[in-house]
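1. Take this sequence and fold it.
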Amino acid sequence: MPGKLVVLTAPSGAGKTTIAKHLLSKFSALAFSVSVTTRKKRQGEEDGKDYFFITEKEFIEKINRDEFAEWEEVYHGMYYGTLKSEIEHIWQSGKDVLFDVDVKGAYNLKKTFPAQTLTIFIKPPSIVSLIERLRSRATDPPERIQERISKAEQEMMFEPFFDVIIVNDHLDKAVREAEEAVKNFLALK
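-> Residues are numbered from 1 along each chain as shown. The predicted model follows:
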């Protein structure tokens, strides 16, 4: 049997990347699946570590060659996806895979690998707190923040489809809950 998949998802700014980094430091059995994206690299991000940054043309070619386990046009002209080869590489190394993906990507991974996947939905305490987090990050212009807020409101409707729901109102508590869920899931191996 191939390895397991732990899939973290959340609206942008809800804390999934912070929680993912913590889980990687806590569980040596997990390895991070680096997603592919067509968006521009942000300051401090590294190609191959944070994302594989490619052009839209290259992304479409990979879709046509069926190289993705899941992919999505998250924002207009901005694609994100998980390469099948990335999952296989991690499994071959003897580890389980940790994902930090959008809601539809998480849903599609669960659909593709139902028995092997734990999906965790990280939820902000409120849309107001999410807006504050997005603004305080200062990584996006106001129109992109508004786009992310609209998308977050849509993503919140997917909450019932996930195995574990964690409200990130206090990061320490959210991290502990994620840790517990992952520990229990990996122990089932």
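2. all contacts plus neighbour counts: C-alpha atoms, from now on.
-> Fine.
3. Tell me the buried residues in the helix or strand hosting residue 20?
-> Element membership for residue 20 (DSSP states H and E) is helix 16-26. Neighbour-count burial for helix 16-26, with 16 or more other C-alpha atoms under 10 Å as criterion, is recorded at 16-17, 19-20, 23.
4. same question, stretch 72-86
-> Using 16+ other C-alpha under 10 Å as the test for burial, stretch 72-86 gives 72, 74, 79-83, 86.
5. quick one: secondary structure of residue 66?
-> coil (DSSP: H, G, I helix; E, B strand; the rest coil).
6. ok so, going back, I'd like to know which of the buried residues of stretch 72-86 are part of strands.
-> 72, 74, 79-83 (DSSP state E).
7. Reformat those residues as JSON lines; add pLDDT and distance to residue 165.
-> Below are those laid out as JSON lines (pLDDT from 0 to 100; distance: C-alpha to C-alpha, whole Å):
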{"residue": "72", "pLDDT": "90", "distance to residue 165": "22"}
{"residue": "74", "pLDDT": "81", "distance to residue 165": "22"}
{"residue": "79", "pLDDT": "95", "distance to residue 165": "26"}
{"residue": "80", "pLDDT": "94", "distance to residue 165": "23"}
{"residue": "81", "pLDDT": "95", "distance to residue 165": "23"}
{"residue": "82", "pLDDT": "95", "distance to residue 165": "23"}
{"residue": "83", "pLDDT": "97", "distance to residue 165": "26"}
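8. And the residues you listed, which two are furthest apart?
-> The distance between the two most remote of these (C-alpha to C-alpha) is 16.1 Å, for 74 and 83.
9. Select the helix or strand of this protein having the lowest average pLDDT value.
-> helix 127-137 (a mean of 72; mean pLDDT, DSSP states H and E).
10. Let me see the ranges of the strands in the chain.
-> 5-9, 30-32, 36-37, 52-53, 68-75, 78-83, 96-101, 117-123, 164-167.
11. angle of the first one against strand 117-123?
-> Yep, that's strand 5-9 we're talking about. Here strand 5-9 points in a direction 20 degrees away from that of strand 117-123 (axes from the mean of the first three to the mean of the last three C-alpha atoms, to 10 degrees).
12. Equivalent analysis for the fifth one, please.
-> Taking the same axes, to 10 degrees, one finds strand 68-75 and strand 117-123 inclined to each other by 20 degrees.
13. Need the residues that contact strand 68-75.
-> 62, 79-84, 102, 104-105, 108-109, 112 (C-alpha atoms under 8 Å, 6 or more residues apart in numbering).
14. Centre of the chain to it, how far?
-> Centroid displacement of strand 68-75 relative to its chain, using C-alpha atoms, centre = their mean, to the nearest Å, is 11 Å.
15. Show me where this protein dips below the pLDDT cut-off.
-> Scanning the chain for pLDDT under 70 picks out the ranges 1, 134, 137-138, 188-189.
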